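K.L.:
model this:
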Amino acid sequence: MSERPIILVGFVAALGKLAEFLPEQSLIIVEEPDVVRKRDVRNHIAESALVRELVEWEYQLPGAADTLLASRPDLAASAVVPLVEYATPFAARLAERLGTPGASLGAAEVLRDKSLLRRVTSAAGVPNPASAEVGSPEEVTAFIAAHGVPVILKPANRQGAVGTQVLHDADSVAAAWESCIQHDEGMFVPDRERAVRMLVEEYVAGHEYSVEMVVRDCQSLFANITDKVLYPGPRPVELGHVLPAAIPLALRDKLVVSTLAVLRAVGFGSGVVHCEWIVRDDGTPYLVECAGRFPGDGIIEMIERAYEDPIGERYFSVMRGLEPPEMPSVAPQAAAVRFMQVPPGEIVSIDGLDAAQEMPGVVSFGMGPGVGDPVRELRSSWDRIGSVMVLAPTAAEAVALAEKAIDQVHVVTTGSPQWNSR
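P.N.:
Purely as a prediction, here's the structure:
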């Protein structure tokens with residue numbers, strides 16, 4: 001108990017992975033009281049040998065880190081690690097105050113605010129789509145009149161494609177506005193009201209990639225490029241990922257250099273980043289957004305399996321101020337994740353899940369809801385109901401295997417054509 005703990009900001013269920021390289025009683029978890037209650041966090045961690053203390057704190061409020069330290073002068077840490085998007089500014093400030101490596105509060109605040117990120121990185125010469133903050137449907141319509149369609153309407157300060165929609169004509173603005181300002185993230189956010197700030201942006205046509213990078217003092221220690229595909233339709237929600245992306249070396253280098261330009265522009269210190277790009281046909285990467293925390297959708301597990309290296313453990317070493325072993329630049333195999341597409345409605349039946357899980361190369365196939373549970377209309381990442389993760393020798397083979405595994409599972413809902421035709 002004498003060793004300084006690691007402070008994790010934001011609860012995630014997969015604490016077992018950390019037990020592979022962290023000692024017992026080494027973690028303090030900071031989480032919003034409402035989220036602790038809604039996600040039953042105390043019950044989840046009751047049997048964990050890793051957790052020393054759970055601190056219920058409204059960490060998403062201004063000044064929360066400084067207020068916590070003022071009330072807990074005994075608090076010390078060997079590292080401060082944000083595990084969810086909304087935790088990044090608090091974690092950065094706490095790290096500054098406790099003298100541990102971190103992103104820097106300034107960088108975290110810019111990365112959390114898509115409007116600020118556009119302004120700062122554009123000034124640094126990073127290609128960005130035209131963008132404007134808007135407070136009404138009329139302002140969206142004015143942007144369309146100036147820039148044409150399609151455009152993207154989205155929040156400046158949310159995650160997981162919440163409240164994001166592609167608009168193809170001005171007539172759809174009013175309805176889209178009412179839909180996009182509704183941000184239901186359920187148990188993952190506190191109950192108190194949060195400000196709604198919206199952006200409208202030029203739609204950039206091209207292929208989408210993300211860069212996952214472990215960074216120390218704004219220098220890359222590890223970089224991976226992930227290729228991604230979106231669900232069809234007006235909501236840009238991710239349908240699948242494959243890594244490392246099967247792209248020319250010149251494009252890979254360009255995406256890495258562009259990501260480092262973003263980090264220099266915002267003054268990022270140490271941590272992990274997940275930076276999203278759209279590459280136009282002329283080969284120019286345009287910035288979508290950049291998050292200063294672990295990526296979601298199982299990407300870190302995909303990286304560890306494809307590169308055969310514990311990148312998560314290496315990241316924790318960086319955050320503790322330790323020197324990690326050299327990290328790989330080449331992956332011996334490829335990994336892919338694919339999400340399911342299911343019509344909204346109540347789940348009537350699920351078939352083929354066992355067969356899919358037993359397919360060679362399938363790492364896992366998970367589903368959240370079961371028979372009798374509702375499936376919501378796809379509006380954000382939170383509405384996806386299941387996914388498969390696979391390994392294969394190449395990216396193309398991984399994608400094909402993931403799609404084949406998804407095809408093995410048949411989910412019938414009350415919104416399915418075969419159900420409605422009865």
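K.L.:
Next up, the contacts around Val273.
P.N.:
Leu111, Val211, Glu212, Met213, Val215, Thr259, Leu263, Cys290, Ala291, Gly292, Arg293 (CB atoms under 8 Å, 6 or more residues apart in numbering). Backbone N, C-alpha and C define where each C-beta goes, glycine included.
K.L.:
That one in helix, strand or coil?
P.N.:
Per DSSP: H, G, I helix; E, B strand; the rest coil, the local secondary structure of Val273 is strand.
K.L.:
ok, what's across the strand from it?
P.N.:
Beta-bridge pairing of Val273 under DSSP bridges involves Met213.
K.L.:
quick one: it and Ala108, what's the gap?
P.N.:
According to CB to CB, to the nearest Å, Val273 and Ala108 sit 11 Å apart.
K.L.:
Need the residues touching each of the two.
P.N.:
Here Val273 and Ala108 have Gly292 as joint contacts, going by CB under 8 Å, 6+ apart.
K.L.:
pLDDT wise, what is the closest residue to Leu239 other than its chain neighbours at?
P.N.:
Ranked by CB to CB, 6 or more residues apart in numbering and with sequence neighbours excluded, the top spatial neighbour of Leu239 is Tyr231, at 4.6 Å. pLDDT, Tyr231: 86.
K.L.:
so Tyr231 sits right up against Gly240, yeah?
P.N.:
No - using CB atoms under 8 Å, Tyr231 is not in contact with Gly240; the gap is 9.3 Å.
K.L.:
ok, these two, which is more surrounded?
P.N.:
Neighbour count, other CB atoms under 10 Å: between Tyr231 and Gly240, Gly240 has more, with 21 against 17.
K.L.:
Mind jotting down where the strands sit in the stretch 101-250 of the chain?
P.N.:
For the stretch 101-250 of the chain, applying DSSP state E, counting those that start in this stretch gives strands covering 131-134, 151-155, 165-167, 198-202, 207-216, 219-230, 238-243.
K.L.:
Low-confidence regions, the stretch 51-200 of the chain specifically.
P.N.:
Within the stretch 51-200 of the chain, the ranges that satisfy pLDDT under 70 run 158-161, 183-185.
K.L.:
which one among the contacts of Val273 gets closest to Arg235?
P.N.:
In terms of CB to CB, no member of the contacts of Val273 lies closer to Arg235 than Ala291, at 19.0 Å.
K.L.:
who touches that closest one in this structure?
P.N.:
Glu85, Thr88, Leu111, Gln159, Val273, His274, Cys275 are the contacts of Ala291 under CB under 8 Å, 6+ apart.
K.L.:
Now do the helix or strand hosting Trp419: everything it contacts.
P.N.:
Here Trp419 sits within helix 417-420, counting by DSSP states H and E. Identification of contacts with helix 417-420 by CB under 8 Å, 6+ apart yields Pro343, Gly345, Val348, Val412, Thr413, Thr414.
K.L.:
cool, and stretch 196-206?
P.N.:
For stretch 196-206, contacts defined as CB under 8 Å, 6+ apart pick out 114-115, 118, 129-135, 139-140, 143-144, 147, 149-157, 163, 166, 177, 180-181, 183, 278-281, 286.
K.L.:
what about 6 Å?
P.N.:
Residues from elsewhere that reach stretch 196-206 (CB atoms under 6 Å, 6 or more residues apart in numbering): 115, 129-134, 140, 143, 147, 150-157, 181, 278-280, 286.
K.L.:
Now list the buried members of these.
P.N.:
Applying 16 or more other CB atoms under 10 Å to those, the neighbour count classes 115, 129, 131-132, 134, 140, 143, 147, 151-157, 278-279, 286 as buried.
K.L.:
picking up where we left off before, any shared contact partners between Tyr231 and Gly240?
P.N.:
Counting by CB under 6 Å, 6+ apart, nothing touches both Tyr231 and Gly240.
K.L.:
circling back to that earlier point, okay, among the contacts of helix 417-420, which ones form the most distant pair?
P.N.:
The widest separation within the contacts of helix 417-420, taken as CB to CB, falls between Pro343 and Val348 and amounts to 10.8 Å.
K.L.:
for the stretch 1-150 of the chain, what spans make up the helices?
P.N.:
Using DSSP state H, counting those that start in this stretch, the helices found in the stretch 1-150 of the chain span residues 33-38, 41-45, 64-71, 88-98, 105-112, 114-123, 137-147.
K.L.:
could those go into JSON lines alongside distance to Val375?
P.N.:
Below are those laid out as JSON lines (distance: least, CB to CB, whole Å):
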{"stretch": "helix 33-38", "distance to Val375": "21"}
{"stretch": "helix 41-45", "distance to Val375": "25"}
{"stretch": "helix 64-71", "distance to Val375": "36"}
{"stretch": "helix 88-98", "distance to Val375": "31"}
{"stretch": "helix 105-112", "distance to Val375": "30"}
{"stretch": "helix 114-123", "distance to Val375": "29"}
{"stretch": "helix 137-147", "distance to Val375": "29"}
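K.L.:
Compare the ones you listed and give me the one nearest Gln219.
P.N.:
For the helices of the stretch 1-150 of the chain, proximity to Gln219 was assessed by CB to CB; helix 105-112 is nearest, at 14.3 Å.
K.L.:
Packing partners of that closest one?
P.N.:
helix 88-98, helix 114-123 (3 or more CB pairs under 6 Å, 6 or more residues apart in numbering; DSSP states H and E).
K.L.:
which other helices and strands contact the first one?
P.N.:
Under the contact criterion of 3+ CB pairs under 6 Å, 6+ apart, the helices and strands touching helix 88-98 comprise helix 64-71, strand 79-82, helix 105-112.
K.L.:
Would you mind finding the most buried of those?
P.N.:
Ranked by mean neighbour count under mean count of other CB atoms under 10 Å, the helices and strands packed on helix 88-98 are led by strand 79-82, which reaches a mean of 27.
K.L.:
Show me the contact partners of it.
P.N.:
Ile6, Ile7, Leu8, Val9, Thr88, Ala91, Leu94, Ala95, Thr100, Arg293, Met319, Arg320.
K.L.:
And stretch 224-239, by the same measure?
P.N.:
161, 164-166, 208-212, 240-245, 252, 255, 303, 339, 378-379, 381.
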